[in-house]
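S.K.: Any chance you can model this:
(one chain, ligands or ions: 1)
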Amino acid sequence: MIGVAIIFALNIDFSSTPKITANTAVSDKNAPAPKPNPDKEKWLAGKDLFKANCASCHNPKSDGVGPPLVGVTARWRAAGSYQGKTGEQWMRVWIKNWHDVVNAGYKYGIDMHNSRPAEMNVFGGYLTDEKIDYILFYVESPDLNKPVTAK
Ligand code: HEC
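M.R.: Presented below is the predicted three-dimensional model:
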């Protein structure tokens, strides 16, 4: 990672070396455009959404009212497909409304529900797929000041 960051920094240095030219208009045009970092935007959006909606019960890495969430996608994937949905899809159903998972009889969800006395909020349609993408992106890489590229 550090090596990659250094190479990245060096690249910026090289590309921003001023070009010697008489025509400043052309020079401006050739100046490197600021590089947007979509991963960082996504991570920050996820962090905000997590803080607003989930952090009262969850911490990405440590146990709280609810379980730690880092690695949660892999846990539901490993729980397997059921009724035409993958484990990951069931996890997304859970995040919107855990009742739907329990009522459908998905074993991992039933065991999860029975594992703690507390119950999770029902979020329903307020949590769009896009918001859930952001939250998962954050909780799956909570340590990073700068997020890595999504898997
Ligand atoms: C009011 C407390 C509460 C809030 C708020 C809450 N949860 Fe939960 N969550 C729980 C509890 C408790 C469980 C464990 C299941 C149970 O006991 O029903 C859980 C379980 C989960 C699981 C399954 C964990 C695993 O290891 O498989 C996921 C995923 C999850 N929550 C995601 C979220 C997300 C994302 C948010 C915010 C959008 C959120 N939760 C908000 C309490 C909460």
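
S.K.: Quick one: classify W76 as helix, strand or coil.
M.R.: helix (DSSP: H, G, I helix; E, B strand; the rest coil).

S.K.: For E140, see how far away A74 is.
M.R.: 9 Å (CB to CB, to the nearest Å). Yep, even glycine has a C-beta here, placed from its N, CA and C like the rest.

S.K.: top helix in the protein by residue count?
M.R.: For the chain, the helix with the greatest residue count under DSSP state H is helix 38-53.

S.K.: Can you give the domain ranges for the protein?
M.R.: Following the assignment in automatic domain parsing, the chain carries domains at 1-35, 38-151.

S.K.: Most tightly packed of those domains?
M.R.: The highest average neighbour count among those, using mean count of other CB atoms under 10 Å, belongs to domain 38-151 at a mean of 15.

S.K.: Give the rounded mean pLDDT of it.
M.R.: Domain 38-151 shows a mean pLDDT of 93.

S.K.: sorry, back to before: go through the domains of the chain and name the closest to the ligand.
M.R.: Among the domains of the chain, domain 38-151 comes nearest to the ligand, with 2.9 Å by CB to the nearest ligand atom.

S.K.: Tell me if that closest one is near the ligand.
M.R.: Yes. Counting by CB under 6 Å from any ligand atom, the ligand has neighbours in domain 38-151: 53-54, 56-58, 65-67, 69, 72, 75, 91, 94-95, 112-113, 115-116, 118-121, 123, 127, 135.

S.K.: So V65 lies in a strand, does it not?
M.R.: No. Assessed by three-state DSSP, V65 does not belong to a strand; its assignment is coil.

S.K.: C-alpha coordinates for stretch 59-73, PDB please?
M.R.: Taking Å, rounded to 0.1, in the frame of the first residue of the first chain, the C-alpha atoms of stretch 59-73 are listed here in PDB:
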ATOM      1  CA  ASN A  59     -19.600  -0.600  15.900                       C
ATOM      2  CA  PRO A  60     -17.900  -1.900  12.700                       C
ATOM      3  CA  LYS A  61     -15.300  -3.800  14.800                       C
ATOM      4  CA  SER A  62     -16.500  -4.300  18.300                       C
ATOM      5  CA  ASP A  63     -19.500  -5.800  19.900                       C
ATOM      6  CA  GLY A  64     -22.400  -3.600  21.000                       C
ATOM      7  CA  VAL A  65     -26.100  -4.000  21.200                       C
ATOM      8  CA  GLY A  66     -25.700  -5.700  17.800                       C
ATOM      9  CA  PRO A  67     -22.800  -7.600  16.400                       C
ATOM     10  CA  PRO A  68     -19.600  -6.100  14.900                       C
ATOM     11  CA  LEU A  69     -20.300  -5.600  11.200                       C
ATOM     12  CA  VAL A  70     -16.900  -5.900   9.500                       C
ATOM     13  CA  GLY A  71     -16.900  -9.100   7.500                       C
ATOM     14  CA  VAL A  72     -20.700  -9.300   7.600                       C
ATOM     15  CA  THR A  73     -21.100  -9.700   3.900                       C
END
